[in-house]
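Peer 1: this one's structure only:
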Ligand SMILES: [Zn+2]
Ligand SMILES: [Zn+2]
């Protein structure tokens with residue numbers, strides 16, 4: 001059995017969101033205010049609709065990413081660190097060909113693409129069929145902080161893609177437009193350094209998890225056992241935790257609850273993948289990337 005652990009490479013944990021708007025599109029606040037709203041973040045992406053907002057002016061956030069949200073009437077897609085050449089003859093209309101071209105251009109120049117808010121059925125969403133037609137995107141926004149519980153989570157589509165054999169990572173972003181939407185959901189990235197290059201390297205290899213307030217200190221594999229070290233300190237150790245290990249088709253493989261610091265699941269070999277969700281009492285959560293499990297002869 002082989003278990004592919006994206007968290008094997010240790011580094012420093014960095015916090016950030018890639019999908020946020022300014023008044024350069026339909027956000028309420030100019031860039032300088034958005035920088036202040038994200039004080040304390042290690043990195044931040046600005047992704048206005050159909051335009052690349054230039055980073056400028058004073059900011060305390062160490063690392064910033066240029067991004068764009070390709071925004072057809074049907075589907076939205078986030079491109080992080082896209083080449084500026086995508087703006088030549090730019091059109092946001094949704095066809096697989098047009099969107100695939102953006103994914104390819106961005107990926108080929110060292111950035112990455114994420115299909116965002118796939119379950120926002122009241123406006124812009126993705127059908128599973130179209131998600132399966134697209135290739136080379138790095139991930140899916142499984143948690144969007146917009147504030148609609150029925151529409152902002154997409155673990156069902158993520159499990160469907162993973163179960164269909166697609167290797168896509170889960171992202172958490174605020175998609176912030178107004179006050180109150182900031183710092184709801186983010187990515188904790190385990191990178192070698194706080195630079196654009198190191199963060200993208202870590203993201204591409206899946207060395208990050210989605211957080212809404214709780215977290216993992218480490219995710220390890222020993223033999224056939226996946227071990228999650230839950231974020232631990234004297235205060236957190238007194239709190240109750242709910243941990244679930246999910247496999248192919250969203251099947252619940254194992255659950256563990258209590259005032260625990262660690263949870264573990266031993267793989268049988270037929271899981272396809274194992275991903276871990278943990279909730280701290282009060283609702284703060286963290287969601288790991290999948291660890292792919294293959295049965296080797
Ligand atoms: Zn959108
Ligand atoms: Zn957006």
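Peer 2: Yep, that arrived. The model shown is predicted, which means the values in this text are computed figures rather than measured ones. Ligands and ions are numbered 1, 2, ... in the order given.
Peer 1: mean confidence score for the longest helix along the chain?
Peer 2: With DSSP state H applied, the helix covering the greatest number of residues in the chain is identified as helix 96-108. Helix 96-108 shows a mean pLDDT of 98.
Peer 1: Show the model's pLDDT score for the residue in the chain that ligand 2 sits nearest to.
Peer 2: Nearest residue of the chain to ligand 2: residue 175, at 4.2 Å (CB to the ion). Every C-beta, even on glycine, is put in place using the N, C-alpha and C of the backbone. Per-residue confidence for residue 175 comes out at a pLDDT of 97.
Peer 1: residues contacting it?
Peer 2: 19-21, 116-117, 141, 144-146, 181 (CB atoms under 8 Å, 6 or more residues apart in numbering).
Peer 1: Keep only those of those residues that are in strands.
Peer 2: In this view, those that belong to strands under DSSP state E are 141, 144.
Peer 1: Scan the contacts of residue 175 and report the most crowded one.
Peer 2: residue 141 (31 neighbours; other CB atoms under 10 Å).
Peer 1: what helix or strand does the residue sitting nearest the centre point of the chain sit in?
Peer 2: Residue closest to the mean C-alpha point of the chain, counted by CA atoms, centre = their mean, is residue 171 at 1.1 Å. With the criterion set as DSSP states H and E, the secondary-structure element containing residue 171 is strand 169-173.
Peer 1: Sheet partners, orientation included, of that strand?
Peer 2: Paired neighbours of strand 169-173 in the sheet (DSSP bridges): strand 139-144 (parallel).
Peer 1: For the stretch 151-297 of the chain, what lies in contact range of ligand 2?
Peer 2: The interface of the stretch 151-297 of the chain toward ligand 2, taken as CB under 5 Å from the ion, is made up of residue 175.
Peer 1: Where does pLDDT dip in the stretch 151-297 of the chain?
Peer 2: Screening the stretch 151-297 of the chain residue by residue with the criterion pLDDT under 70, one finds the ranges 297.
Peer 1: any idea where the strands of it begin and end?
Peer 2: Chain-ordered strands for the stretch 151-297 of the chain, with DSSP state E, counting those that start in this stretch as the definition, fall at 169-173, 186-191, 208-211, 216-222, 225-230, 241-246, 252-258, 262-266, 273-280, 285-287, 291-294.
Peer 1: returning to what we had before: ok, the residue of the chain closest to ligand 2 to residue 266 distance?
Peer 2: Using CB to CB, to the nearest Å, residue 175 is found at 37 Å from residue 266.
Peer 1: How about residue 98?
Peer 2: Residue 98 sits 45 Å away from residue 266 when distances are taken as CB to CB.
Peer 1: rewinding a little: okay if I get the contacts of residue 175 as a markdown table plus distance to residue 2?
Peer 2: Formatted as a markdown table, the entries for these read as follows, by distance: CB to CB, whole Å:
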| residue | distance to residue 2 |
| --- | --- |
| 19 | 33 |
| 20 | 37 |
| 21 | 41 |
| 116 | 31 |
| 117 | 33 |
| 141 | 28 |
| 144 | 33 |
| 145 | 35 |
| 146 | 38 |
| 181 | 41 |
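Peer 1: Let me know the secondary structure of residue 60.
Peer 2: The assignment at residue 60 comes out as coil when based on DSSP: H, G, I helix; E, B strand; the rest coil.
Peer 1: now the strands for the stretch 1-150 of the chain?
Peer 2: 2-4, 12-17, 43-46, 63-71, 76-80, 112-115, 139-144.
Peer 1: Adding mean pLDDT and distance to ligand 2, write those out as a markdown table.
Peer 2: A markdown table is the format used below for these (pLDDT from 0 to 100; distance: least, CB to the ion, whole Å):
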| stretch | mean pLDDT | distance to ligand 2 |
| --- | --- | --- |
| strand 2-4 | 97 | 31 |
| strand 12-17 | 98 | 11 |
| strand 43-46 | 98 | 11 |
| strand 63-71 | 98 | 5 |
| strand 76-80 | 98 | 6 |
| strand 112-115 | 98 | 11 |
| strand 139-144 | 98 | 8 |
